[in-house]
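Asker: after the sequence you'll find the predicted model.
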Amino acid sequence: MSDLVARTGRHHQRYEAGCRLIAGCIPFRFRCSEGSNGTKSDKIVEVLMINSTSGPGLLFPKGGWENDETVEEAAAREAWEEAGVRGELMHFLGDYHFKSKTLQDEFSPEGRCRAAMFALFVKEELESWPEQSRRVRTWVTIPEAVQCCRHSWMREALENGFNKWSDDGMVRTMKAKNN
């Protein structure tokens with residue numbers, strides 16, 4: 001059971017120029033839609049969101065990037081800890097800046113954060129994960145995610161990062177591989 005413990009505390013987290021460094025991801029999968037006659041038709045991209053523990057709305061998994069890991073390892077760890085999924089990091093979506101009201105500390109007194117976000121192709125949904133007692137995971141379409149996303153910077157990562165990447169043909173290529 002000890003392997004199902006989330007990392008906590010800030011004493012091992014990375015900071016740069018007064019910003020807390022964050023790593024996160026947009027977990028995604030493909031779901032076959034059904035045509036009007038009941039046959040399988042096109043694959044739909046769904047993204048996995050989790051509830052916020054501090055208010056309404058849904059989020060993508062993210063958290064502090066720690067000193068003993070790469071940014072990619074931190075993003076994958078957050079997906080496991082918060083959403084109970086594992087998969088393959090497919091693409092770096094960009095860095096997104098935001099100001100946190102709850103994450104102010106001696107190293108970032110203004111609560112400034114920089115989040116490195118990735119697209120994570122989900123290969124496994126776990127039955128048990130560290131934050132499952134505090135988190136509910138929900139698969140939604142991209143338009144639904146835009147509507148229910150709590151933070152504007154996460155919406156930006158979805159609309160300008162993930163959608164641009166998928167529109168450039170990367171997701172279509174993956175769909176073909178997974179047929």
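Answerer: Yep, that arrived. Numbers count the residues shown, from 1 in each chain.
Asker: okay, CA-based contacts and neighbour counts for the rest of this
Answerer: OK.
Asker: the residue positioned nearest the centre of the chain in helix, strand or coil?
Answerer: What sits nearest the mean C-alpha location of the chain, by CA atoms, centre = their mean, is residue 25, with 2.9 Å. Classification of residue 25 using DSSP: H, G, I helix; E, B strand; the rest coil returns strand.
Asker: leaving out chain neighbours, which residue sits closest to it?
Answerer: residue 118 (4.5 Å; CA to CA, 6 or more residues apart in numbering).
Asker: what's near enough to touch that neighbour?
Answerer: Residues in contact with residue 118 (CA atoms under 8 Å, 6 or more residues apart in numbering) are 24, 25, 26, 75, 89, 90, 91, 92, 93, 94.
Asker: strands - which of those residues land there?
Answerer: Of the positions in these, 24, 25, 26, 89, 90, 91, 92, 93, 94 sit in strands, assigned by DSSP state E.
Asker: any chance of those residues in JSON lines, with distance to residue 135 too?
Answerer: Shown next, in JSON lines, are these (distance: CA to CA, whole Å):
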{"residue": "24", "distance to residue 135": "16"}
{"residue": "25", "distance to residue 135": "16"}
{"residue": "26", "distance to residue 135": "16"}
{"residue": "89", "distance to residue 135": "22"}
{"residue": "90", "distance to residue 135": "24"}
{"residue": "91", "distance to residue 135": "25"}
{"residue": "92", "distance to residue 135": "25"}
{"residue": "93", "distance to residue 135": "24"}
{"residue": "94", "distance to residue 135": "25"}
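Asker: list the residues that contact residue 161.
Answerer: Counting by CA under 8 Å, 6+ apart, the residues that residue 161 touches are 93, 94.
Asker: residue 27 too?
Answerer: By CA under 8 Å, 6+ apart, the neighbours of residue 27 are 47, 48, 49, 60, 79, 119, 120, 121, 122.
Asker: could you report the distance from it to residue 146?
Answerer: Remark: distance between residue 27 and residue 146 (CA to CA, to the nearest Å) = 14 Å.
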